[in-house]
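**Student:** I'll drop the sequence and a predicted model, then ask my questions.
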Amino acid sequence: MAQTRDVVVLAANRSPIGSFNGSLSGFEPSELAALVMRDTVQRSGVEAAKFNYVTVGNCIPTDGRFAYVPRVASIEAGLSMDSVAMQVNRLCSSGLQAIVSTAQAIMLGDCDYGIGGGVEVMSRGGYLSTAMRNGARMGDTKLIDMMVATLTDPFGVGHMGVTAENLATKWNISREEQDALAVESQKRAAAAIAEGRFKTQITAITLKTRKGETVFDTDEYVKPETTMESLAKLKPAFKKEGGTVTAGNASGINDGAAFFALTAADVAASAGLKPMARLVSYAVAGVPNDVMGEGPIPATKLALQRAGLSLDQMDVIESNEAFAAQAIAVSRGLGLDMRKTNPNGGAIALGHPVGCS
């Protein structure tokens, strides 16, 4: 087998994260992705014509161009018509998978420059009718909320929040522990915004309103006023009797996009480019569907094993925070140092646009 190439990151940027039916809800996924991807290319220092491989993570059907999100986004971002693009769906890790898929193409020599990332506009999740194609012959019919369907276990467990309840039970995680993590996430995210830590990574989005144009450049979902007392007032959202998962200790329903510009290390060196990071290792792993949130535990262990590294060698750890119960279960399963895990807050505070998260 041919020797693979090292992959490096030339640029990384994202949109601000929008709230459900918030500032980004007026964009089709392809439109939002194009705006962010265009900035990715500009930040990379490489002309758009050299990027010829794009992978975009996207999960929820939204509009007539849903099947073409990567292609429309890449062309509108300035890439040439002879570039290629594809869409991947690995749910919460779709954006990461897109980065890996593009990296694999670079490793194998299929391309020299590529883009990987994800976009999700959950606010525009469509409603699907399964009866219209052949006709609803008689009586009432229904529409399927594709956004909610995407957040529902296909094997009958129920909403993903139920799987978080299962983790709370399995790992003996209390409501108070979950609320405490949520409060800390909000506190860290609010501090990061106040101190401008996200400014360099955010692509400002111009919004056209009836009152004129405004610039959206700050994550809008964060709730700095969150306290243990305010969270304690919330009722369980998924398990009425004895439940611990609430709207306050779960991630949000959000909109956003994020992309990496990638190339091979030798290509970057010959072109005089200065990479900001190098892809060292990656891994995916499967777990039982009723405790789906444990997925990062075996995946992280495998990625570390392949890299010959350990967690104590990590200065900063970014870990999925779909639910506080899930985040705590993963931290226990891996032995994470929470002082250096998600130092700028996690998805509970910032939001969780599925394909982009």
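**Tutor:** Arrived safely, thanks for sending. Worth saying up front: this structure is predicted, and the values here are computed from it rather than measured.
**Student:** what packs against the longest helix seen in the chain?
**Tutor:** In the chain, assigned by DSSP state H, the helix with the most residues is helix 175-194. The contact analysis (3 or more Cβ pairs under 8 Å, 6 or more residues apart in numbering; DSSP states H and E) places helix 175-194 against helix 228-232, helix 324-334, helix 347-350. Using the backbone N, CA and C atoms, a C-beta is placed for each residue, glycine as well.
**Student:** give me the contact list for that helix.
**Tutor:** With contacts defined as Cβ atoms under 8 Å, 6 or more residues apart in numbering, helix 175-194 is touched by 168, 198, 218-219, 222-224, 226-228, 231-232, 244-246, 248-249, 321, 323-325, 327-328, 342-350.
**Student:** which of those residues are buried?
**Tutor:** Buried by 16 or more other Cβ atoms under 10 Å: 168, 198, 219, 222-223, 226, 231, 244-246, 248-249, 321, 323-325, 327-328, 342-350, out of those.
**Student:** quick check: closest non-adjacent residue to Phe265.
**Tutor:** Slight slip there: residue 265 is Ala, not Phe. Asp6 (3.9 Å; Cβ to Cβ, 6 or more residues apart in numbering).
**Student:** ok, the one you found - contacts?
**Tutor:** Per Cβ under 8 Å, 6+ apart, neighbours of Asp6: Ala264, Ala265, Asp266, Arg278, Leu279.
**Student:** can you report phi and psi for it?
**Tutor:** Dihedral angles of Asp6 (phi, psi; degrees, to the nearest 10) stand at phi -70, psi 140.
**Student:** which residues touch stretch 147-156?
**Tutor:** Applying Cβ under 8 Å, 6+ apart, the set of residues contacting stretch 147-156 is 59-60, 91, 122, 125-126, 128, 158-160, 162-163, 253, 289-290, 292, 354.
**Student:** make it 6 Å
**Tutor:** Cys59, Ile60, Met122, Gly125, His159, Met160, Asn289 (Cβ atoms under 6 Å, 6 or more residues apart in numbering).
**Student:** in helices, which of these fall?
**Tutor:** Those of the contacts of stretch 147-156 lying in helices (DSSP H): Met160.
**Student:** want to throw the contacts of stretch 147-156 into TSV with pLDDT?
**Tutor:** Output for the contacts of stretch 147-156, formatted as TSV (pLDDT from 0 to 100):
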residue	pLDDT
Cys59	98
Ile60	98
Met122	99
Gly125	98
His159	97
Met160	98
Asn289	98
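**Student:** quick one: which of the contacts of stretch 147-156 is most hemmed in?
**Tutor:** With neighbours taken as other Cβ atoms under 10 Å, the top of these is Met122, carrying 29 neighbours.
**Student:** surely that one and Ile253 touch.
**Tutor:** Yes. In this structure, Met122 is within contact of Ile253 by Cβ atoms under 6 Å, at 5.0 Å.
**Student:** gap between the residue of the chain most remote from its centre and Ala131?
**Tutor:** For the chain, the residue at maximal distance from the C-alpha centroid (Cα atoms, centre = their mean) is Met138, at 41.6 Å. Counting by Cβ to Cβ, to the nearest Å, the gap from Met138 to Ala131 is 11 Å.
**Student:** contacting residues for the residue nearest in space to the middle of the chain?
**Tutor:** Residue closest to the mean C-alpha point of the chain, counted by Cα atoms, centre = their mean, is Ser357 at 1.0 Å. By Cβ under 6 Å, 6+ apart, the contact set of Ser357 is Cys92.
**Student:** for it, give me the pLDDT.
**Tutor:** Looking at Ser357, its pLDDT is 85.
**Student:** okay, it and Met147: tell me how far apart.
**Tutor:** 14 Å.
**Student:** now Asn134
**Tutor:** 25 Å.
**Student:** between those two, which is the more surrounded one?
**Tutor:** For Asn134 versus Met147, neighbours defined as other Cβ under 10 Å are more numerous around Met147 (23 against 7).
**Student:** gap between Gln44 and Leu262?
**Tutor:** Not quite, residue 44 is Ser, not Gln. 9 Å.
**Student:** so where is the stretch 51-200 of the chain shaky, pLDDT-wise?
**Tutor:** Applying pLDDT under 70 to the stretch 51-200 of the chain picks out no residues at all.
**Student:** strands along that one, start to end?
**Tutor:** Taking DSSP state E, counting those that start in this stretch to define them, one finds strands in the stretch 51-200 of the chain at 53-57, 84-88, 113-121, 127-128, 144-145.
**Student:** contact partners of the longest one?
**Tutor:** Residues outside strand 113-121 that contact it (Cβ under 6 Å, 6+ apart) are 29, 32-33, 46, 50-51, 53-55, 57-58, 62, 94-95, 98-99, 102, 105-106, 255, 257-263, 353-356.
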